[in-house]
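# Just to be clear, the model below is a prediction. Sequence and coordinates:
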Amino acid sequence: MRITDKIIENRVINGLKQSAQKLSRTHNRIATTKNLTRSSDDPIGSAKVMGYYKNLYKVSQTIKNGENSEGLLSYTDTILEEVGEMISDARTKAASMASDTVGKDARETTAGEIEIMIEQTLQLANSKFAGKYIFSGQQVLEAPYSEDTAIDKVRYTGDNVNTYFTGSLDSTANVGATYEKQITVFDSSGNSHNINLTFDKTATDTWEWSSDIGTVSGTDLTYDVNGSLTSGGNGNITFSGWGNGGSDLEVNIDFSKIKHLAGASSTKLYAPISDNDIEYIGDQGEIKQRIELGDQPMTVNIPGTRVFGQGTVDGGIFKILKDLKTALESNNASDINKSLSYFDEELDRIGMIRGEIGVKVTRTQSSMDELNVLELSLKDDISKIEDVDMAEEAGQFIADQEAYQAALQATATILKLPKLTDYLS
Amino acid sequence: MSLFGSLDIGKRAIMAQTQALQTVGENISNVNTPGYSRKRVELKSTIHTSQQDLNILETRRIRDQFIDKHVRKETQSLGNWEMKSQLYGQIENVFLEPSENGINNLLGEFWNSWEDLANSPENLTSRNMVIQRGMTLAQNLNRIDSQLNDIQKTTNGYIEDRIEQVNQKASQIAHLNGQIEFMEASGSEASGLRDSRDLLIDELSKQINVTSLERENGSVALFIGGRAIVDDEKFTAIKTADQSINGMVTTTIKWSDDLSNVEINDGELAGLIEVRDKVIPELNNKMDQLAQTLINSVNKLHVAGYGLDGASQRNFFVGNSAGDIKVNDDGDTGVINHPERIAASANGQIGDNSIALQLARLSDIRVAPDGSEVPNGVNNLDAINITQFYSDTVNSLGTDTQLASMMTESAQMLVTDLEERREGVSGVSLDEESADLIKLQRAYESAAKYMSTIDEMMGILMDIGR
């Protein structure tokens, strides 16, 4: 082939360009420490890396969940251990007081100690972990057991039967109109209590309502042209049967959902707690956390009723302690004796629950061990694809640098080569 | 033959060498001119020429038509891939994958925020985190959508620009056709004009799939998809015409005379059209499908759950495509600024986290476009795992980008090689020209010597009669 000046020139410039490009690519890899900055650098590797990252997110989060669960479970176990010790102490005291030789005074003194124990048990039952009550089911922000003498503590005694009353509102009323309605409910002793409902027409077709029952006041009551009203608020009170032109209003109240009735004291369905009674107001709801990669979350909470029972009225540790205290106060040796077997039952129960928690802690720990290994290996896998092998790249960089210098030298030499004209005179 | 006749031979020799020298000068002076083909003077012996007064010299450019055709074919392919590679690169940059800020990671963080919420559903901080993650995810989907549209608009601008260039060059070629025919009617080759025309055809080849045909009269006809854009001096322009597909206005390319479609299948324009009408719309569809499935699957679970305020039936996301997805900001039902409205609970109790757990599970399961779960083993072609679907989309784009850049490199190598071969044929070599220079100088010297010899001989002849 004929070689012209331009061919030589193009070739050396291309060669120079290529070796500069190679140098710059190696430098870029070293500077970013990444082999893979865009998917097109290595689509297969990039697909793998994105999959690994997805798993890594999952694994790291599950480890976090596990740490959380383990913390809660261990804390629950610690509390249960203390409860167990408390029961043992109470049993020892009961046993020592059961003997006929013990005098009335000693028993009265012990009754005072038992009273303190009830207080301490109550504190344990109302333990919090990370700001949440651990024994109140899903009612995590409310103390599960209360020993409050305030009038707004009530106890649900009925079933979920709704009660209702009827009244009327004029749908043609002007905006700004206000209606008040008082409803009357009865408590278990047959005493009546009033609940006041207020309806304000704030806009056409919109009534806002409130009541003096603390937790059931609501807003956003909407009135639609078909004559039916549905409530906003928290679903405790529903309205139906509205007709145009002031037909009857029917208000249904689901009292089973109302825990605290402020001001209006109680209803027929709720009985007030007498002084010093302790009552469970949590629920049986489960709290689950995903501590393994699989689909089955683990239940991490123990509702208080499983440990402490319903309270001083309906049974459980509090009732046993309270009965013991009464027996000590009334100097009743046979009742004191009876309490011993109750304590044994409670101890067995707590032992069983602790065993259950132990199994869960072990399950969490073994899952965490596996996940930690997996997390490391995922990070390793990602690094293998994504990260630059520095030693290799540094060597490559030096090689590229030398190649570039050589190319520069060759270029300079070839461009300076003499022409035929230089030899002609 | 008389001595005077011999003197005439000498004169013609001197003139021939002078003209040849002139061509050498022209070659040397154009050594760096793009598109210049070197010229050779072909000397003919005078003895066999009957018309001795005619010029004995013919200057021809050295050019290989076959290489030209080859270069042009490969340049079209280069233009196509180079354009696609450049645009794919821009599109890939929109997705930022794999990187910290890519959707892949944002999805991971979003699902994890639900899991964090499940760990403490009563906590407003973890609720706000869910909102933040949701917003970041939605905003990035919006960003991708709008940047893809921007690239599409830019591409449309490129197309307009290329069409204008194609028209301009084609009309110049038609004009050159006329000039070449006129000049060559007299028999001599219009080398300079031909060089200009060849250069224009080369440039045109990069932009569009044009084929050329040289006619007897020296003109070149250019065809796109079988129709002539240039034939002799006639030039038919192509132009863009707006058309609406599914409500989106795009531009097609039509012949200006009868408005039929121009068949474009190679060159930069083919690459541009493919990206604008196929690559970007496909990506848009996929991102919309992803956004829609995300919105529906999250909402389906979220409306069933309860917020801290005990109310339910609220959407977490609103919108129905990648362009308009956002976290619900409605005053009455929106969760923005209302973390208590995030639904983590399935029964209205504060401590319940079942909805949050189910939402986090969306990272692992397949869901249908309406948001319902499709269990493994059940066949449903529309069902996707959101994260996997995204990763597949991005990596198939990566594969296409890589292919385009590899194809560009190989087309570039081929074109460089062909151009080098063409340069080998048509390029100017200074050494060669220098050698010619010496050769011609010597010939000129000899002719001059010959003339002075004849002159001396005539002097001797004159002296005889004295």
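Perfect, I can see it now.

# Nearest residue to the middle of chain A?
Taking Cα atoms, centre = their mean, the centroid of chain A lies closest to A:I287, which sits 7.4 Å from it.

# Provide the secondary structure category for the closest residue to that residue other than its chain neighbours.
Leaving aside its sequence neighbours, A:I287 sits nearest to A:N301 (Cβ to Cβ, 6 or more residues apart in numbering or on different chains; 4.2 Å). Yep, even glycine has a C-beta here, placed from its N, CA and C like the rest. Here A:N301 is recorded as coil under DSSP: H, G, I helix; E, B strand; the rest coil.

# list the contacts for A:N301?
A:L72, A:T76, A:I134, A:F135, A:G137, A:E286, A:I287, B:G351 (Cβ atoms under 8 Å, 6 or more residues apart in numbering or on different chains).

# got it, and A:T62?
Residues near A:T62 by Cβ under 8 Å, 6+ apart: A:R290, A:I291, A:E292, A:L293, A:S367, A:L371, B:E115.

# Give me the pLDDT value at it.
With respect to pLDDT, A:T62 has a value of 95.

# Surely it is in a helix?
Yes - checked against three-state DSSP, A:T62 lies within a helix.

# so how far is A:E292 from it?
7 Å (Cβ to Cβ, to the nearest Å).

# Overlap in contacts, the two.
With Cβ under 8 Å, 6+ apart, A:T62 and A:E292 have common neighbours A:S367.

# just to revisit the earlier point, which ones are touching the residue nearest to the centre of chain A?
By Cβ under 8 Å, 6+ apart, the contact set of A:I287 is A:G137, A:Q138, A:V140, A:T299, A:V300, A:N301, B:G351, B:D352, B:N353.

# What's the local residue count around the residue nearest to B:Q313 when sequence neighbours are not counted?
Using Cβ to Cβ, 6+ apart and skipping the chain neighbours, the partner closest in space to B:Q313 is B:V303 (5.2 Å). For B:V303, the count of nearby residues is 15 (other Cβ atoms under 10 Å in any protein chain shown).

# Just to check, A:I353 is in contact with A:I79?
No - contact criterion Cβ atoms under 8 Å: A:I353 and A:I79 do not qualify, at 10.8 Å.

# Hmm, B:E26 and B:E433 touching each other?
No - with contact defined as Cβ under 8 Å, B:E433 does not count as touching B:E26 (9.8 Å).

# now the helices for the chain?
Answering for chain A, as no chain was given. Along chain A, the stretches classed as helices by DSSP state H are A:5-32, A:43-98, A:104-125, A:304-308, A:317-329, A:333-386, A:390-415, A:420-423.

# Oops, wrong one, chain B.
B:3-29, B:65-95, B:103-119, B:124-184, B:191-207, B:267-274, B:280-304, B:354-361, B:386-426, B:430-464.

# now the second one: how far from the chain's centre is it?
Yep, that's helix B:65-95 we're talking about. 5 Å (Cα atoms, centre = their mean, to the nearest Å).

# so what does it touch, helix or strand wise?
helix B:124-184, helix B:191-207, strand B:210-214, helix B:267-274, helix B:386-426 (3 or more Cβ pairs under 8 Å, 6 or more residues apart in numbering or on different chains; DSSP states H and E).

# Swap in 10 Å and give it another go.
Other elements packing on helix B:65-95 under the criterion 3 or more Cβ pairs under 10 Å, 6 or more residues apart in numbering or on different chains; DSSP states H and E are helix B:124-184, helix B:191-207, strand B:210-214, helix B:267-274, helix B:280-304, helix B:386-426.

# now the angle from the fifth one to helix B:65-95?
Our comparison of helix B:280-304 with helix B:65-95, counting by axes from the mean of the first three to the mean of the last three Cα atoms, to 10 degrees, yields an angle of 20 degrees.

# Could you tell me which residues within helix B:280-304 count as buried?
Burial within helix B:280-304, assessed by neighbour count using 16 or more other Cβ atoms under 10 Å in any protein chain shown, is assigned to B:280-281, B:283-284, B:286-302.

# For the stretch 101-250 of chain B, what lies in contact range of chain A?
Within the stretch 101-250 of chain B, the residues that sit near chain A (Cβ under 10 Å from any Cβ of the partner chain) are B:102-105, B:107-116, B:118-123.

# Spatially nearest residue to B:E58, not counting backbone neighbours?
B:E42 (4.8 Å).

# That neighbour: neighbour count?
10.

# where does it land on pLDDT?
pLDDT recorded at B:E42 is 77.

# which stretches of the chain have low pLDDT?
Let's take chain A. Along chain A, segments meeting pLDDT under 70 span A:147-172, A:181-197, A:203-276, A:425.

# My question was about chain B, not that one.
Using pLDDT under 70, chain B drops low at B:1, B:44-57, B:245-249, B:465-466.

# At the geometric centre of it, which residue sits there?
Residue closest to the average C-alpha location in chain B (Cα atoms, centre = their mean): B:M83, at 2.2 Å.

# Without its sequence neighbours, what residue ends up closest to it?
Nearest residue to B:M83 in three dimensions, chain neighbours excluded: B:G271, at 3.4 Å (Cβ to Cβ, 6+ apart).

# One more: B:S171?
Closest residue to B:S171 apart from its sequence neighbours, by Cβ to Cβ, 6+ apart: B:F235 at 4.7 Å.

# Can you tell me who that neighbour pairs with across the strands?
Beta-bridge pairing for B:F235 (DSSP bridges): B:V230.

# okay, now it: neighbour count?
For B:F235, the neighbour count with other Cβ under 10 Å is 18.

# Could you report the separation of it from B:S219?
Distance from B:F235 to B:S219, by Cβ to Cβ: 12 Å.

# Report the set of residues contacting both of the two.
B:I173, B:A174, B:N177 (Cβ atoms under 10 Å, 6 or more residues apart in numbering or on different chains).

# Dump these to TSV, plus neighbour count.
Shown next, in TSV, are the shared contacts of B:F235 and B:S219 (neighbours: other Cβ atoms under 10 Å in any protein chain shown):
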residue	neighbour count
B:I173	25
B:A174	21
B:N177	25
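
# Out of those residues, the closest to chain A would be?
Chain A lies nearest to B:I173 out of the shared contacts of B:F235 and B:S219, by Cβ to the nearest Cβ, at 24.7 Å.

# Find the residue closest to B:A368 in space, skipping its chain neighbours.
B:A383 is the one closest to B:A368 (Cβ to Cβ, 6+ apart), at 4.8 Å.

# so that neighbour sits right up against B:N296, yeah?
No - contact criterion Cβ atoms under 10 Å: B:A383 and B:N296 do not qualify, at 11.8 Å.

# what touches both of the two?
In contact with both B:A383 and B:N296: B:V367, B:A368, B:P369, B:S372, using Cβ under 10 Å, 6+ apart.

# Report the buried members of those.
The neighbour count (16+ other Cβ under 10 Å) marks B:V367, B:A368 as buried among the shared contacts of B:A383 and B:N296.
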